[in-house]
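> sequence plus predicted model, see below.
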Amino acid sequence: MTPSRRLAAKERPARGAPVNSAAAKGAPGDDVPLKAVSGAPVLSVRDLSVRFRMRGGRHVAAVSGVGFDLAPGECLALVGESGCGKSVLASALLGLLPGNAQTAGSALLDGLDLLAADERTLARTVRGRRVGLVPQSPAAHLTPVRTVRAQLEETVRELTGTARAELRAAAEAAAARAAFPADHLDRYPHQLSGGLAQRAATALALVGDAPLLLADEPTTGLDRDLVEHTVDELRRHTDDGRALLIITHDLAAAERIADRVAVMYAGRVVEIADATAFFGTPGPRHPYARGLLAALPERDFTPIPGMPPELGALPAGCAFAARCDRATEVCGTLPAPRDGVACHHAMEAARA
């Protein structure tokens, strides 16, 4: 295999072929960049929307019209500021939304629409087996009355059928994949630091080698060396043709691991781009995405002015217009995605 792009600072695991930026058309109006591979995508999302019913009949549009394809062997990084809808999207894919949520659209995983599947199907055939989850809040997903070793052994037995006599060694091997120390395996979740809890959750998610791994803020609470170890291990998940969707606000981690980058703002994906072009030349094409990179300390260290709009009171047009120095009258209308970017002034932004 040939690496498709460089590592930032350190050598990274090998990658597949470079990403093709050509769009793959789905439903009318879709503009979904898809990696050039043979066969069907592992995950195909079309027009995914999530609204929450609030008291008084008010609705909050947490995710609006999201569409993308995720190919075998590909890593897509979903990035954006806190509260933009990234984790809500992840919860929708796994059927983990609260009761006041309303979903629309489709999310096809090997022919199964995850948004239409019932809880029995999701629990028995999807979670852990077809989709592995590295949760954003690991403490809430670890069983508090069982040691990490016991939870790993149970997961290994359930997902791989490993013989009882081999479970101890298999659990230790699973822990090592996530850099979880063997001498902490007999501890309970409340005895772990936040970083160790995150590594325990990552180890559990990797056990089944599911066709799709969904990692929601997997580097939370980790120091930089462990961040690099974690993202490299997650990257190896794609070596055998599996797909990885990583949700993160850590742009350095995204640069290290991703083939493509999807940028969310106020519930919408405003840009999908090849990672090499996004982090290098010519750079992002959406003004918000360019602002995200410019805010990094190692770049311009220039914060984006203003605050994101409330998801319960989104403007009719571009949600970023109030913070954008390129906004004009046309931004009062919602820009349709074209060539992977939803912006009336995308070409101007790319030349900035």
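Arrived safely, thanks for sending. Numbers count the residues shown, from 1 in each chain.
> where do the helices of the stretch 101-250 of the chain begin and end?
With helices called from DSSP state H, counting those that start in this stretch, the stretch 101-250 of the chain shows them at 119-121, 138-141, 148-160, 167-177, 194-206, 224-236.
> for Thr328, give its distance to Cys343.
From Thr328 over to Cys343 the distance is 11 Å, taken as CB to CB, to the nearest Å. All C-beta spots, glycine's among them, are computed from the backbone N, C-alpha and C.
> okay, and the closest residue to Val50 other than its chain neighbours sits in which element?
Computed as CB to CB, 6 or more residues apart in numbering, the closest residue to Val50 that is not its neighbour in sequence is Val63, at 4.1 Å. Following DSSP states H and E, one finds Val63 within strand 59-70.
> send me that strand as PDB with only the CA atoms.
C-alpha atoms of strand 59-70 as PDB (Å, rounded to 0.1, in the frame of the first residue of the first chain):
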ATOM      1  CA  HIS A  59     -38.000  22.400  17.700                       C
ATOM      2  CA  VAL A  60     -34.200  22.500  17.600                       C
ATOM      3  CA  ALA A  61     -32.600  21.500  14.300                       C
ATOM      4  CA  ALA A  62     -29.400  19.800  15.600                       C
ATOM      5  CA  VAL A  63     -28.500  18.200  12.200                       C
ATOM      6  CA  SER A  64     -29.800  19.300   8.800                       C
ATOM      7  CA  GLY A  65     -29.500  17.600   5.400                       C
ATOM      8  CA  VAL A  66     -26.100  15.800   6.000                       C
ATOM      9  CA  GLY A  67     -24.900  13.500   3.200                       C
ATOM     10  CA  PHE A  68     -21.700  11.600   2.700                       C
ATOM     11  CA  ASP A  69     -20.400   8.200   1.600                       C
ATOM     12  CA  LEU A  70     -17.700   6.300   3.500                       C
END
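> paired strands for the helix or strand just after it, with orientation please.
Using DSSP H and E, the helix or strand that directly follows strand 59-70 along the chain is strand 75-79. Strands adjacent to strand 75-79 in the sheet, as given by DSSP bridges, are strand 243-248 (parallel), strand 260-265 (parallel).
> hmm, who's touching the first one?
Under the criterion CB atoms under 8 Å, 6 or more residues apart in numbering, residues 41-43, 70-79, 86-87, 89-90, 136, 211-219, 231, 234-235, 237-238, 253-254, 257-258 lie in contact with strand 243-248.
> what ranges in this protein fall below the confidence cut-off?
Scanning the chain for pLDDT under 70 picks out 1-39, 347-352.
> show me the strands in it, by range?
With DSSP state E as the criterion, the chain has strands at 23-24, 32-33, 43-53, 59-70, 75-79, 101-109, 112-113, 131-134, 212-216, 243-248, 260-265, 268-274.
> and the residue nearest to Val50, how far from Val134?
Separation of Val63 from Val134 (CB to CB) stands at 20 Å.
> ok, these two, which is more surrounded?
Taking neighbours as other CB atoms under 10 Å, Val63 and Val134 compare with Val134 leading, 29 against 26.
> skip the chain neighbours and tell me the closest residue to that one.
Using CB to CB, 6+ apart and skipping the chain neighbours, the partner closest in space to Val134 is Ala215 (4.0 Å).
> thanks a lot, catch you later.
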